[in-house]
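Novice: test case, fold it:
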Amino acid sequence: MGSVASRWLVPAVVVITGAAVAAGMVGRTVYARPAEAKGTPAVESSVVGTLPGSAEVRLSPDSFTHPDRTSVQRVLQEYFDAINAGDFASWRGVVSARRVSGTPEASWMSAYETTRDGGMVVQRIESDVVGRRLRVLLSFVSTQDVAKAPPALPEGCIRWRVVYVLVWEGGELKVDEAAENRNPQMEKC
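Specialist: Below is the predicted model:
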């Protein structure tokens, strides 16, 4: 009886080990997150360059792990490119219908006519599965004519920390108008 058990022991161990290795390889392939986001994760730097900084939207190491990071980076890049170019039509294409309906073109053009945004870093992306939206913690620098600065901080250069809410409309991610957007943190550069 002992010889029958020992005769099957080695093949059984080989089969079980092979199955475990195969399961591990399949799991790694299924659960791996591809690195299709542009660039590498941003690391905050103490080096101060020309303000407002790079016009490229970058991702922090934390946000770089989120599965929607590529879509978030793309829509925010288009959003800030539109502001920096003073291009209302492009801006309208990356914001929600609700946000467009509450923003007349003349008001938008007046508000952003001297604005230059840079140094954008997506710090964190949080999924709200129930609301089918994303909350994005973002930091950036804006320069503008002091007369066009927010009344709460009339400065020519402002460091912002904001939460933007992004929603899915027509299969695309859009920057929405939401309560979270209304309480930005800001300080003089």
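Novice: any idea how far G102 is from the spatially most central residue of the chain?
Specialist: For the chain, V72 is the residue whose C-alpha lies nearest the centre (C-alpha atoms, centre = their mean; 4.1 Å). Per C-beta to C-beta, to the nearest Å, V72 is found 22 Å from G102. C-betas here are computed from N, CA, C, even on glycine.
Novice: re earlier: name the element the residue nearest to the centre of the chain belongs to?
Specialist: Per DSSP states H and E: V72 is located in helix 69-85.
Novice: tell me how the chain divides into domains.
Specialist: If you go by automatic domain parsing, the domain ranges for the chain are 1-32, 58-188.
Novice: can I get those in TSV including distance to T50?
Specialist: Shown next, in TSV, are the domains of the chain (distance: least, C-beta to C-beta, whole Å):
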stretch	distance to T50
domain 1-32	38
domain 58-188	9
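Novice: quick one: low-confidence parts of this protein?
Specialist: 1-6, 9-49 (pLDDT under 70).
Novice: quick one: the helices in it?
Specialist: Here the chain has its helices, by DSSP state H, at 2-31, 69-85, 88-94, 97-101, 105-112.
Novice: show me what contacts the residue nearest to the centre of the chain?
Specialist: Contacts of V72 were listed using C-beta atoms under 8 Å, 6 or more residues apart in numbering, and they are 63, 66, 122, 125, 134, 136, 166, 173.
Novice: once you drop chain neighbours, what's closest to the third one?
Specialist: This means V122. S63 (4.4 Å; C-beta to C-beta, 6 or more residues apart in numbering).
Novice: and what of the second one?
Specialist: In space, not counting the residues next to it along the chain, H66 is nearest to I125; the distance is 4.1 Å by C-beta to C-beta, 6+ apart.
Novice: just give me the neighbour total for that neighbour.
Specialist: Applying other C-beta atoms under 10 Å, we find 24 residues neighbouring I125.
Novice: tell me how far it lies from G93.
Specialist: 21 Å.
Novice: I'm done for today, thanks for sticking with me.
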